[in-house]
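**Student:** Okay, here's the prediction I keep looking at, along with the sequence it came from:
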Amino acid sequence: MIICHCNIHMELPYVSSLKGRRSIVNSLKEKLKTFNISVLDISGEYVKEADIDFVFLSHDSKSTAQYKEKIELMLENNFGEYVYELDYEEI
């Protein structure tokens, strides 16, 4: 069994309020939840940045890689206009 911990750090240069950031973060969280993973917003007070952590389990490294590819594709298709950094840690 593999536990995969992931972090998405997003730069939001065109957002000017917490309400705007919250809208983007909630949209991202809802799209991530369709993958049946646990999602948490760990963003600070700075409006122009957002941090999302999520965790999922998989049976083997092949299914972990498939999950990663699906998530990266979803990010590229839905949030490609934002600069983001995606970090993975397998346990």
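**Tutor:** Cool, got the structure.
**Student:** Looking at stretch 81-91 now, give me its mean pLDDT.
**Tutor:** If you average the pLDDT over stretch 81-91, you get 91.
**Student:** brain fart, stretch 51-62
**Tutor:** Stretch 51-62 comes out at a mean pLDDT of 93.
**Student:** got the CA positions of that stretch in PDB?
**Tutor:** Listed in PDB are the C-alpha atoms of stretch 51-62, where the atom choice follows Å, rounded to 0.1, in the frame of the first residue of the first chain:
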ATOM      1  CA  ASP A  51      -1.600  26.100  -1.000                       C
ATOM      2  CA  ILE A  52      -3.600  22.900  -1.300                       C
ATOM      3  CA  ASP A  53      -2.500  19.500   0.300                       C
ATOM      4  CA  PHE A  54      -4.100  16.200  -0.600                       C
ATOM      5  CA  VAL A  55      -3.500  12.600   0.100                       C
ATOM      6  CA  PHE A  56      -4.500   9.400  -1.600                       C
ATOM      7  CA  LEU A  57      -3.800   5.700  -1.200                       C
ATOM      8  CA  SER A  58      -2.900   3.300  -4.000                       C
ATOM      9  CA  HIS A  59      -2.100  -0.400  -4.200                       C
ATOM     10  CA  ASP A  60       1.100  -0.100  -6.200                       C
ATOM     11  CA  SER A  61       3.400   2.400  -7.900                       C
ATOM     12  CA  LYS A  62       1.700   1.900 -11.300                       C
END
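**Student:** For this structure, which segments count as helices?
**Tutor:** Secondary structure of the chain (DSSP state H): helices at 18-33, 61-79.
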